[in-house]
Every structure is written in structure tokens, then in C-alpha cells.
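Asker: Build me a model from this:
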Amino acid sequence: MQAIDYHPTPREHVDYLLSLVDYRLAPKVISDYSMGDGILLSRASERWPKAKVIGAELDSKMVVYTKNKYPDWIIKNVNFLSPQSRRFFNNNRPDLILLNPPFTCRGGSRNCYKVDGQELKSGPALAFVALASELLRPGGQLIAIIPDGAICSVRDRATLSWLKLRFETRILKGFPERTFKGCSISTKVISLRRSDRLETVLLINRNQKRVSSACQFPIAAIGRGQIRMTADVRRNVCSGKRRLLHTTSIVNGEIIEMYRFPERLVKNSYVESPAILIPRVGIFDTGKIVLLIDNSKMAISDCFIRVSFPDCKSASESYLLIVNNWGRFIRKYSGTGAKYITLASVMQVINNLGIDCMLDCATRRDNNNSRNPVKKVRSVKSSGSIKYGA
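Answerer: Model (predicted):
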């Protein structure tokens, strides 16, 4: 039986894909929109037998074969890239999507399509991924096999950047050439997670009408908190009316408590929203990154680096970029004791993400008076799309 652009996934590689599913995920609906003979869905349904299984396949003979073999599945004989065909799946949004989409792009043509109102262009493999991602439930995960070219080609760059802006994205080890019968192409595996936390930020952007795919941001100002949490400072906790934020106040990106200090200790040390606070020292996972967009004003300890923006939209989109590319920042933390990151390192990473960033006025003034000034980092401007790390 030969389907259109049919390159079945070997069983041992199916098991590898399933091993990448987040251990906390217990999917109620599992989908594959280029299912072929249903091998991905079959193995997934063995692992989660109570989940509803939904598949789509263009080849009618393959659909008949799969329906006879798996009568309990919901299977549609459609072209998933067609907007009319996708309407059926809007009422069956999955928690887990598994894909081994078509790789062929005969003649180098592009697929043009819209996802969540955003016009995108790419090859067929990334088109399947982007269109399927629109159906993914909050908290769900998409795992797909894509050709190596989709990671580095100019044709697919904007779509890949858009996906990385919206999802917790990982590009993982794939498979070598000739893994798939009748297809000599090396591949990667892409994993997308739609976390509740990022979904909240995306909602902010939707309310402001548009999420940018070009990601051209205004200049952001960067600086360091001024309040050192010394023993003298700690003795004044709760003794004043001014709010002060320390890294211990943050859990999973949320402010759970606020210190109160006298005005004399926090004077001229305020940060105003919209801004992003990045942990400078100590615990440096994404749970310690804070997005401030609620017209708040507070002082921050010197354990934070602040990045200020002129509007909430720029701040929230930049927050998505930073969270989704946090591995770049982690590599910059160092130190013989408590690991820390420097202003110069943060500026370098942020600039390379396509956000123009410069030292704020107060930090420049302090830097000029310092014996060890922050090394000036040349801005790397975005040229219509962002260069991302894996």
C-alpha cells in the first residue's frame, strides 16, 4: 500500500517520540493530522488507552485500511492544509499531537496560510506543525518530526520564529538519513508546549489585536537593582510603607509577597512597569522571571536585572522570547560561589534575540564612576526575523 509522500515511522523511533511527552501530561485527546497507517496513534493509545484518538489522512486507501483496523478512532479523509478541512477539528482540540508530516516540497514552493490571524509561509512539514499548533489545548504538547532544512532554511525562518515566540520550544535530536524507507533525508524533532503561563501573556497580546512575527521592538533600557539585602536592610523589613521586591518574593513567575521598607532605604531605586525582571544571582530558572505590566511601581533588590519597555505589548512579547530562549541566558551564569550573570551578558543575549537594548541612565552614570565598567555590547539588530538557538 503506497500513500501520498508516505514514509512510515519505524516502531523504535515512535517509542523515542513518546518518551519526549511530558510526564505530567495525561492526554484526553490525541491527534495525528498526517497519520499514514496510524503507527504513532496506535502506540500512543496503548500508553493512554482512555484517550480519544483523532486522525487525518489525505490518501483514501490508507484511511479505509486504518478505519478497518481501528474502528474506535475518529478518522477523516481530508487534506489538513486546507482551511475547510480543518474546521472539523476545532471541536476536538487535543492535549497531545504527534506528527510525521510530509517532507516533500517539489519545486521549492511555499505553503501560505494563516494561524491565529497571522499570515505565515513555509514548507509543508512546518506548515503542518504551525497549523496543528493552533488546535493544541493550553497545557498540551506537540511533538513532530521535521527535516533539518526546516531549522535553518530562509523559507521557514519566519514561521519557526513565530512558533518560538508563542510556545516553549525545543529542537531535539532527530534521525539520520535513510531512517525512513524511500526517503533520504536527515531530520530533527520539534517539541512545542503551550503552558498556562505563556497563554496568559498571549492573551494580553490578542487583546492588543496582534502578535508580531517580525518582532521589531522599541529600544529597551536595562539596569540593575540598587538595594543590597544586607543585615541592616533586613532589619527594616515591614517597618515602612514603600514596596521592595526580592528574588525570594517570586514563585513560578508570580509575586507572592512584598517587603515593606522605609523611604530612605529605597529612594531613587524604583522600577516602573512595563518591565521584565531577570534574576541576577542565585536560583536562575524561568520561575524567577517576572513580567510587570500592571502599572506597578516598586523598588527591587540588587539580585534583579531589570529590562524596561515603553509599552506592555513590547514587554509581553519580549517576555515570551526570554522564557522560550532561557537556555541562552543559563549558559552565561558563572562564579565560584553563587552563580551570577552580568549586565553585559544579559545585554548580549537580548540583543541577539532581536531586541535593541542599552543601559539606562542611572546605570550608565554608575558605570562611568565604577572602576570596573560594564563592557559596551554592540546591538545586533533584527532584520525582520529573530535568530534563535535550539
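Asker: so where's the stretch 101-250 of the chain uncertain?
Answerer: Counting by pLDDT under 70, the stretch 101-250 of the chain contains low-confidence ranges at 104-109, 177-184, 195-220, 230-242.
Asker: Helices of that one, start to end?
Answerer: Listed in chain order, the helices found in the stretch 101-250 of the chain under DSSP state H, counting those that start in this stretch are 124-133, 149-152, 154-166, 196-207, 231-234.
Asker: Which segments of this protein make up each domain?
Answerer: What automatic domain parsing lists as the domains of the chain is 11-194, 211-369.
Asker: Mind putting the ones you listed into a markdown table with mean neighbour count?
Answerer: Where C-beta positions appear, they are placed from N, C-alpha and C, glycine not excepted. As requested, those are exported to a markdown table (neighbours: other Cβ atoms under 10 Å):
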| stretch | mean neighbour count |
| --- | --- |
| domain 11-194 | 18 |
| domain 211-369 | 17 |
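Asker: What segments of the stretch 251-390 of the chain are strands?
Answerer: 254-255, 259-261, 270-272, 275-279, 290-292, 297-300, 304-308, 357-359 (DSSP state E, counting those that start in this stretch).
Asker: For my notes, please list those strands in JSON lines and give distance to residue 162 for each entry.
Answerer: As requested, the strands of the stretch 251-390 of the chain are arranged in JSON lines below (distance: least, Cβ to Cβ, whole Å):
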{"stretch": "strand 254-255", "distance to residue 162": "27"}
{"stretch": "strand 259-261", "distance to residue 162": "39"}
{"stretch": "strand 270-272", "distance to residue 162": "30"}
{"stretch": "strand 275-279", "distance to residue 162": "20"}
{"stretch": "strand 290-292", "distance to residue 162": "20"}
{"stretch": "strand 297-300", "distance to residue 162": "32"}
{"stretch": "strand 304-308", "distance to residue 162": "22"}
{"stretch": "strand 357-359", "distance to residue 162": "22"}
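Asker: export the ones you listed to TSV and tack on mean pLDDT?
Answerer: As requested, these are arranged in TSV below (pLDDT from 0 to 100):
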stretch	mean pLDDT
strand 254-255	75
strand 259-261	66
strand 270-272	75
strand 275-279	89
strand 290-292	85
strand 297-300	79
strand 304-308	88
strand 357-359	59
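Asker: nearest to residue 223, of the ones you listed?
Answerer: With Cβ to Cβ as the measure, strand 304-308 is the member of the strands of the stretch 251-390 of the chain nearest residue 223 (5.5 Å).
Asker: Walk me through which strands that closest one pairs with, and which way each runs.
Answerer: Next to strand 304-308 in the sheet, as set by DSSP bridges, lie strand 220-224 (antiparallel), strand 275-279 (antiparallel).
Asker: In PDB, could you pull the C-alpha coordinates for that strand?
Answerer: Output in PDB follows, covering the C-alpha atoms of strand 304-308 (Å, rounded to 0.1, in the frame of the first residue of the first chain):
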ATOM      1  CA  PHE A 304      17.500  41.500  39.900                       C
ATOM      2  CA  ILE A 305      18.400  42.900  36.500                       C
ATOM      3  CA  ARG A 306      15.500  45.000  35.100                       C
ATOM      4  CA  VAL A 307      14.600  45.500  31.400                       C
ATOM      5  CA  SER A 308      12.200  48.300  30.900                       C
END
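Asker: contacts for that strand?
Answerer: Around strand 304-308, the neighbours that count as contacts under Cβ atoms under 8 Å, 6 or more residues apart in numbering are 220-225, 245, 247, 271-272, 274-280, 300, 318, 341, 343, 346, 350, 357, 360.
Asker: No more questions from me, cheers.
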